[in-house]
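Undergrad: I need the structure of the sequence given here:
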Amino acid sequence: MMHTMIVTGGAGFIGANFVHTAFAKTDAHIVVVDKLTYAGHRESLEDLWHDSRLQFVQADIADETAMSRVVETYRPRWIVNFAAESHVDRSIDDPHPFIYTNVTGTLVLLDTVRRFLEQAGSDQRQHFRFLHVSTDEVYGTLGTTGLFTEETPYAPNSPYAASKASADHLVRAYFHTYGVPTIITNCSNNYGPYQFPEKLIPLMVLNALEGKPLPIYGNGQNIRDWLFVEDHCEGLLRVLEDGRPGEKYNLGGRAERSNLDVVEAICHILDELVPCNSNPVLVECGIRQYEDLKTFVTDRPGHDFRYGIDPTKIQSELGWEPCHTFESGLRKTIQWYIANGRWCDAVTHHSYQRERLGLHADSNN
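TA: Here you go, the predicted structure:
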């Protein structure tokens, strides 16, 4: 029997990829709820609009009336919460939207679900899941050794991370206080199709193709664990199907790379796929290899040194592990951005011209 899932933030990067995965892997009726901010775009679901299994509601998750209406109308089995402000640099410039969406919005969703379940039948309560998709940044920063586990204490260092940590605590509290069947996942850095070009990998790809500088923060030695977004979405489905309410699961790619390593890997793949001597912009500038565009810039304020996820729990309990290596996922990602220039133009038009963000703190020094 077809059931319904509500996907908040389903027109954003990870959300849109999850919707595509859920369409391919389940027979669920999917209701996308998205405010359509600068990072949420109907274009990311363009190939699915014709399908009767997809419904779209433009709404703010912090709007209690709207969320109550959506939940009561569609009576979902699952709610997956991707809706969030997610860019660290933007949170440095202005933390307020992060508190509003990530904290207040999550609280409104949780309270809406609590009221809904109080009136629901026993079968619906038994199968219901509220999956809150979070980040490894809530754990703070690592030194040169060690990995984040589900037991790592929270120590957020940016306004973004602090807002996500706050939301995680609320989700946990609603399980223990009200019995809402919640699950939290914390993932490492995602990359792949439909990622807004403010983030490292799409920014580097698009700048390189246009012969623009490739800005690398500090000395480029900050390390992230990279996870291909399609692998992440497969893991989220596994959690929805078999995860235990009240638990949290860390999803990581076991693919730690420094930012400098990532940029250089992008350059090498582009040298192969779109050689500089076939790119008129680079020919005109006299650029012979993409690495010549690397530019080191002032570091991000409070830049965490290293993130690393230990995914042992989800691997041992639910049998999930990534299918892509970093190299295969990165190549697939770059090929997607090369082939989807129209999408890139559409989502950045009038909203973002790949300028540097997150320097507000410098003006106070």
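
Undergrad: the strands in this protein, which residues?
TA: Assigned by DSSP state E, the chain shows strands spanning 4-8, 29-34, 54-58, 78-81, 129-135, 182-187, 189-191, 214-217, 223-228, 248-251, 256-258, 294-297.

Undergrad: partners of the fourth one, with directions?
TA: What it means is strand 78-81. Using DSSP bridges, strand 78-81 pairs in its sheet with strand 4-8 (parallel), strand 129-135 (parallel).

Undergrad: Would you convert those strands into CSV that also reports distance to residue 198 and mean pLDDT?
TA: For glycine as for every other residue, the C-beta is placed from the backbone atoms N, C-alpha and C. Output for these, formatted as CSV (distance: least, C-beta to C-beta, whole Å; pLDDT from 0 to 100):
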stretch, distance to residue 198, mean pLDDT
strand 4-8, 21, 98
strand 129-135, 16, 98
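
Undergrad: In JSON lines: these, plus distance to residue 269 and mean neighbour count.
TA: Formatted as JSON lines, the strands paired with strand 78-81 follow (distance: least, C-beta to C-beta, whole Å; neighbours: other C-beta atoms under 10 Å):
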{"stretch": "strand 4-8", "distance to residue 269": "31", "mean neighbour count": "25"}
{"stretch": "strand 129-135", "distance to residue 269": "26", "mean neighbour count": "24"}
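
Undergrad: Include distance to residue 45 when you put those into TSV, please.
TA: Putting those into TSV (distance: least, C-beta to C-beta, whole Å) gives the following:
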stretch	distance to residue 45
strand 4-8	10
strand 129-135	17
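
Undergrad: about what we covered before: and the strands of the chain: which comes nearest residue 150?
TA: For these, proximity to residue 150 was assessed by C-beta to C-beta; strand 248-251 is nearest, at 5.2 Å.

Undergrad: what lines up beside the closest one in the sheet?
TA: Next to strand 248-251 in the sheet, as set by DSSP bridges, lie strand 182-187 (parallel).

Undergrad: Just want the angle from the strand it pairs with to strand 223-228.
TA: Angle, strand 182-187 to strand 223-228, by axes from the mean of the first three to the mean of the last three C-alpha atoms, to 10 degrees: 120 degrees.

Undergrad: any low-confidence regions in the protein?
TA: 1, 350-365 (pLDDT under 70).

Undergrad: Out of the strands of the chain, which one sits most buried?
TA: Mean neighbour count (mean count of other C-beta atoms under 10 Å) peaks for strand 78-81 among the strands of the chain, with a mean of 27.

Undergrad: got the contact list for that strand?
TA: 3-9, 15, 18, 28, 61, 71, 106, 109, 113, 128-133, 236, 240 (C-beta atoms under 8 Å, 6 or more residues apart in numbering).

Undergrad: Stretch 34-54 too?
TA: Applying C-beta under 8 Å, 6+ apart, the contact partners of stretch 34-54 are 2, 8-13, 15-16, 19-20, 23, 27-30, 32, 56-61, 83, 85-87, 101, 194, 196, 198, 343, 346-347, 351-352.

Undergrad: now it: how far from the chain's centre is it?
TA: 16 Å (C-alpha atoms, centre = their mean, to the nearest Å).

Undergrad: what comes up buried for that stretch?
TA: Neighbour-count burial for stretch 34-54 flags 34-35, 37, 39-42, 44-45, 48, 54 (criterion: 16 or more other C-beta atoms under 10 Å).

Undergrad: ditto for stretch 298-308
TA: For stretch 298-308, burial by neighbour count (16+ other C-beta under 10 Å) applies to 300-301, 304, 306-308.

Undergrad: where do the helices sit along the stretch 51-200 of the chain?
TA: Secondary structure of the stretch 51-200 of the chain (DSSP state H, counting those that start in this stretch): helices at 64-74, 88-93, 96-98, 106-119, 122-127, 159-178, 200-209.

Undergrad: would CSV of those with distance to residue 339 and mean neighbour count be doable?
TA: Shown next, in CSV, are the helices of the stretch 51-200 of the chain (distance: least, C-beta to C-beta, whole Å; neighbours: other C-beta under 10 Å):
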stretch, distance to residue 339, mean neighbour count
helix 64-74, 34, 17
helix 88-93, 27, 20
helix 96-98, 32, 17
helix 106-119, 35, 19
helix 122-127, 39, 11
helix 159-178, 30, 20
helix 200-209, 12, 23
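
Undergrad: Could you export those as TSV, including distance to residue 278?
TA: As requested, the helices of the stretch 51-200 of the chain are exported to TSV (distance: least, C-beta to C-beta, whole Å):
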stretch	distance to residue 278
helix 64-74	49
helix 88-93	33
helix 96-98	42
helix 106-119	47
helix 122-127	54
helix 159-178	39
helix 200-209	11
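
Undergrad: ok, the buried residues of stretch 34-54 vs residue 151, which is closest?
TA: Nearest to residue 151 out of these is residue 39 (C-beta to C-beta; 31.4 Å).

Undergrad: Find the nearest non-adjacent residue to residue 308, please.
TA: Leaving aside its sequence neighbours, residue 308 sits nearest to residue 147 (C-beta to C-beta, 6 or more residues apart in numbering; 4.5 Å).

Undergrad: Please tell me how far the one you found sits from residue 20.
TA: Applying C-beta to C-beta, to the nearest Å, the value for residue 147 to residue 20 is 29 Å.

Undergrad: Next: residue 179.
TA: 32 Å.

Undergrad: now swap in residue 272 and tell me
TA: 27 Å.

Undergrad: With residue 317 instead?
TA: 26 Å.

Undergrad: if we can go back for a sec, with residue 204 as the reference, name the closest of the strands paired with strand 78-81.
TA: Proximity to residue 204, assessed across those by C-beta to C-beta, is greatest for strand 129-135 (20.8 Å).

Undergrad: From the chain's centroid, how far away is the closest one?
TA: That offset, for strand 129-135, works out to 12 Å (C-alpha atoms, centre = their mean).
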